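Participant: next input, structure requested:
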Amino acid sequence: MPAPRCDETAAWTALSRHFEDSGRSLDLRQAFASEPHRFERFCIEAPEVFADLSKNRWSEATRALLLTLAQECQLAERRDAMLRGEPINTSEGRAVLHTALRAPQGAGPHSDTVHDMLDRFLAYAEQVRDTASSGFTDVVNIGIGGSDLGPQMAVPALDAWCHPGLRLHFVSNVDGHDITPVLRRLDPARTLFIVASKTFTTQETMANAQVARAWFLAQGGTDLGRHFVGVTTNLDAAAEFGIHRTFGFWDWVGGRFSLWSAIGLPIAIAIGAENFRALLAGAHAMDRHFAEAPLAQNLPVQLGLLDVWYRNFLGFSSRSVAPYHQGLRRLPAYLQQLEMESNGKQVDALGRPLTVATSPVVWGEPGTNGQHAYFQMLHQGTDVVPVEFIAVKRPTHEHTDLHTKLLANCLAQSQALMLGKTAAQAATERAPTASPDLDPQVLAQQRSFPGNRPSTTLLLDELTPRALGALIALYEHRVFTSGALWGVNSFDQWGVELGKALCNQLLPRLASGDVQGLDGSTAGLLQRLRD
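Facilitator: Model prediction:
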């Protein structure tokens, strides 16, 4: 029998009563005033990540009820089934084993196969990194979705560990404005192209790969087999393209969980085999924490439970991710796919319509850029948006004064969201830019902040390959936790396919102008694009 869905449990009913009795009205300022040890009680230490959950709008009673909910939904049993390799992706009849990709030799399912492929692509990465022998100065990764977002996020995050003589480029959008400026900067004789598509049929990836191939040949490029490598399982299609060196992965690796596989080849080329293994080791350490830590001290579980509390009881429909580290500038985009493609579902794994909301909208920008863009809305807007701050204690640069300012900004923003400012407080302050003709009481109201706005702070000692691996795995398991409670299959993505199918139908119509059978809007737009 399938595990019960969250809204079918006794704990859900108890949580609903608790929310009405005290959860809705919880004020963080009062909570800190009445709970001297709140910070200590709501902090969790996980591998490479320290988490402060104390500025979130929950109490010990809330947490206890959420843990009961997790137990009723058989979260631990579902987690263990995933880690054993049971086919929990029921709609596609597949196991979900990205964790096996970072398990040490002999410690996970398919270990020999996984480590054989790992050794192969890491050895190739080292060949490319030997620039004196390989002759490469530029590496272009052509992929989309999981074949792009993971490597594109990880490479700048680990800039301090990247090969100084190699430039990494990422092309994903089928819009020619993406690939054209990249090609303009390249020397074909010194460029390696990685074409990343499991089936070697992904429309956007193959369109860009054909453009790159035509450019390479037109520029006098020779030995296409040396300058193009494939990350794919479709060896015949790759060979027809002209690619003879390929690295594969398996159907139990979903695209948004694939950077640990050969999809991570550009990461390995950038940071080297030893550092790539450290990335895997950090993720594996978080896997063990997720598998072994009691649920009450299990960081991915606690974050996933908090997500359910916010989405379904407090009604918060989005979450902002604010990494206070420029290297993590692509992390919000990476997490958008990880969470929204996984849990953006309206029916459960049995096909039943859901009665509760699922994935929030995930969005963000690095601090302090976000402070000068959208933080105005976070502080004074009509919507409450939980914020996830990610801070790194030690920089990998020598400008310590800048880093101190960065960390002070991070702490100040989470403090300001919680504390806010009353109109009475604002009335005692001088605002140099305010109009002298404005009523002081009006000004005080405009300069007040409601406060009681929740945030989480994740703190890393340093953004190393190991720490990044642990951070990404933390988010993966958090998404699994909330998805398991909602009862959705977090590992399929049927919603991606409808648009692709309709695109294939419209492509010939753009050439022919045939609008027969189309809706009025699509027909009108198609004709206007052809005029």
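Participant: how about the strands in the stretch 351-500 of the chain?
Facilitator: For the stretch 351-500 of the chain, applying DSSP state E, counting those that start in this stretch gives strands covering 361-364, 387-394, 455-462.
Participant: nearest to G282, of those?
Facilitator: Ranking the strands of the stretch 351-500 of the chain by proximity to G282 (C-beta to C-beta) places strand 455-462 first, at 10.3 Å. C-beta coordinates here come from the backbone N, C-alpha and C atoms, glycine included.
Participant: tally of neighbours for R63?
Facilitator: By other C-beta atoms under 10 Å, 19 other residues sit near R63.
Participant: hang on, it is in a strand, isn't it?
Facilitator: No. With DSSP: H, G, I helix; E, B strand; the rest coil as the criterion, R63 is helix rather than part of a strand.
Participant: can you report how many residues neighbour the residue nearest to M340 when sequence neighbours are not counted?
Facilitator: Closest residue to M340 apart from its sequence neighbours, by C-beta to C-beta, 6 or more residues apart in numbering: S359 at 5.1 Å. When neighbours are defined as other C-beta under 10 Å, S359 has 24 of them.
Participant: ditto for the one 10 residues further on
Facilitator: N369: 13 surrounding residues under other C-beta under 10 Å.
Participant: now it: phi and psi?
Facilitator: phi -60, psi -40 (degrees, to the nearest 10).
Participant: Q30: which of the strands of the stretch 351-500 of the chain is closest?
Facilitator: Going by C-beta to C-beta, the one of the strands of the stretch 351-500 of the chain nearest Q30 is strand 455-462, 16.8 Å.
Participant: and the angle for that closest one with strand 387-394?
Facilitator: 20 degrees (axes from the mean of the first three to the mean of the last three C-alpha atoms, to 10 degrees).
Participant: ok, back up a step: the strands of the stretch 351-500 of the chain into TSV, with extra columns for mean pLDDT?
Facilitator: Listed next are the strands of the stretch 351-500 of the chain as TSV, based on pLDDT from 0 to 100:
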stretch	mean pLDDT
strand 361-364	98
strand 387-394	98
strand 455-462	98
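Participant: now those as TSV including mean neighbour count?
Facilitator: Shown next, in TSV, are those (neighbours: other C-beta atoms under 10 Å):
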stretch	mean neighbour count
strand 361-364	19
strand 387-394	20
strand 455-462	19
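Participant: dump the ones you listed into CSV; add distance to N504 as well.
Facilitator: What follows is the strands of the stretch 351-500 of the chain, written out as CSV (distance: least, C-beta to C-beta, whole Å):
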stretch, distance to N504
strand 361-364, 28
strand 387-394, 38
strand 455-462, 41
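Participant: among the ones you listed, which comes closest to L526?
Facilitator: strand 361-364 (30.1 Å).
Participant: paired strands for the closest one, with orientation please.
Facilitator: When pairing is defined by DSSP bridges, strand 361-364 lines up against strand 318-324 (parallel).
Participant: and the residue nearest the centre of the chain, how far is that from L471?
Facilitator: By C-alpha atoms, centre = their mean, the mean C-alpha position of the chain lies nearest to L335, the distance being 1.7 Å. Separation of L335 from L471 (C-beta to C-beta, to the nearest Å): 10 Å.
Participant: equivalent analysis for V174, please.
Facilitator: Counting by C-beta to C-beta, the gap from V174 to L471 is 30 Å.
Participant: likewise for A391?
Facilitator: 12 Å.
Participant: shared neighbours of those two, which are they?
Facilitator: Residues touching both A391 and L471 (C-beta atoms under 8 Å, 6 or more residues apart in numbering): L458, L460.
Participant: quick one: the lengthiest helix in the chain to strand 318-324, angle?
Facilitator: Longest helix of the chain, by residue count under DSSP state H: helix 465-486. With the same axes, to 10 degrees applied, the angle from helix 465-486 to strand 318-324 works out at 170 degrees.
Participant: so what does helix 465-486 touch, helix or strand wise?
Facilitator: In terms of contacts (3 or more C-beta pairs under 8 Å, 6 or more residues apart in numbering; DSSP states H and E), helix 465-486 is packed against strand 49-52, helix 60-72, helix 75-84, helix 146-157, helix 273-292, helix 299-309, helix 342-343, strand 455-462.
Participant: ok now it, how far from the chain's centre?
Facilitator: Distance of helix 465-486 from the chain centroid (C-alpha atoms, centre = their mean, to the nearest Å) equals 9 Å.
Participant: may I have it as PDB, with CA atoms only?
Facilitator: What follows is helix 465-486 as a C-alpha-only set of coordinates in PDB (Å, rounded to 0.1, in the frame of the first residue of the first chain):
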ATOM      1  CA  PRO A 465      34.400  21.600  -3.800                       C
ATOM      2  CA  ARG A 466      33.400  19.400  -0.800                       C
ATOM      3  CA  ALA A 467      31.200  22.200   0.700                       C
ATOM      4  CA  LEU A 468      29.500  22.800  -2.700                       C
ATOM      5  CA  GLY A 469      28.800  19.100  -3.000                       C
ATOM      6  CA  ALA A 470      27.200  19.000   0.400                       C
ATOM      7  CA  LEU A 471      25.100  22.100  -0.200                       C
ATOM      8  CA  ILE A 472      23.700  20.800  -3.500                       C
ATOM      9  CA  ALA A 473      22.900  17.400  -2.000                       C
ATOM     10  CA  LEU A 474      21.200  19.200   0.900                       C
ATOM     11  CA  TYR A 475      18.800  20.800  -1.500                       C
ATOM     12  CA  GLU A 476      18.200  17.600  -3.400                       C
ATOM     13  CA  HIS A 477      17.100  15.800  -0.200                       C
ATOM     14  CA  ARG A 478      15.000  18.700   0.900                       C
ATOM     15  CA  VAL A 479      13.100  18.600  -2.300                       C
ATOM     16  CA  PHE A 480      12.600  14.800  -1.800                       C
ATOM     17  CA  THR A 481      11.200  15.400   1.700                       C
ATOM     18  CA  SER A 482       8.600  17.900   0.700                       C
ATOM     19  CA  GLY A 483       7.600  15.900  -2.400                       C
ATOM     20  CA  ALA A 484       7.200  12.800  -0.300                       C
ATOM     21  CA  LEU A 485       4.900  14.500   2.100                       C
ATOM     22  CA  TRP A 486       2.800  15.900  -0.700                       C
END
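Participant: how much space is there between W363 and G248?
Facilitator: Taken as C-beta to C-beta, the span from W363 to G248 is 34 Å.
Participant: ok, F200 to Q516 distance?
Facilitator: For F200 relative to Q516 (C-beta to C-beta), the value is 33 Å.
Participant: more crowded one of the two?
Facilitator: Neighbours were tallied for F200 and for Q516 using other C-beta under 10 Å; the higher tally belongs to F200 (24 against 6).
Participant: confirm that one sits in a helix?
Facilitator: No. Checked against three-state DSSP, F200 lies outside a helix; its state is coil.
Participant: before we move on, back to that, OK, contacts around the residue nearest to M340?
Facilitator: R311, E339, M340, S342, N343, G344, K345, S482.
Participant: which of the residues you listed lies closest to Q415?
Facilitator: R311 (24.9 Å).
Participant: hey, where'd the helices end up in the stretch 401-531 of the chain?
Facilitator: 423-427, 440-446, 465-486, 497-512, 520-530 (DSSP state H, counting those that start in this stretch).
Participant: looking at those helices, which is buried most?
Facilitator: Of all the helices of the stretch 401-531 of the chain, helix 465-486 has the most neighbours on average by mean count of other C-beta atoms under 10 Å, namely a mean of 25.
Participant: quick check: mean pLDDT across it?
Facilitator: The average pLDDT for helix 465-486 rounds to 98.
Participant: now, which of the contacts of S359 sits nearest R256?
Facilitator: Relative to R256, the closest of these is S342; by C-beta to C-beta it sits at 6.9 Å.
Participant: who's in contact with the nearest residue in space to that closest one that is not next to it in sequence?
Facilitator: Leaving out its chain neighbours, the residue that sits closest to S342 by C-beta to C-beta, 6+ apart is S490, at 4.1 Å. Applying C-beta under 8 Å, 6+ apart to S490 gives the contacts S342, N343, V479, F480, G483, A484.
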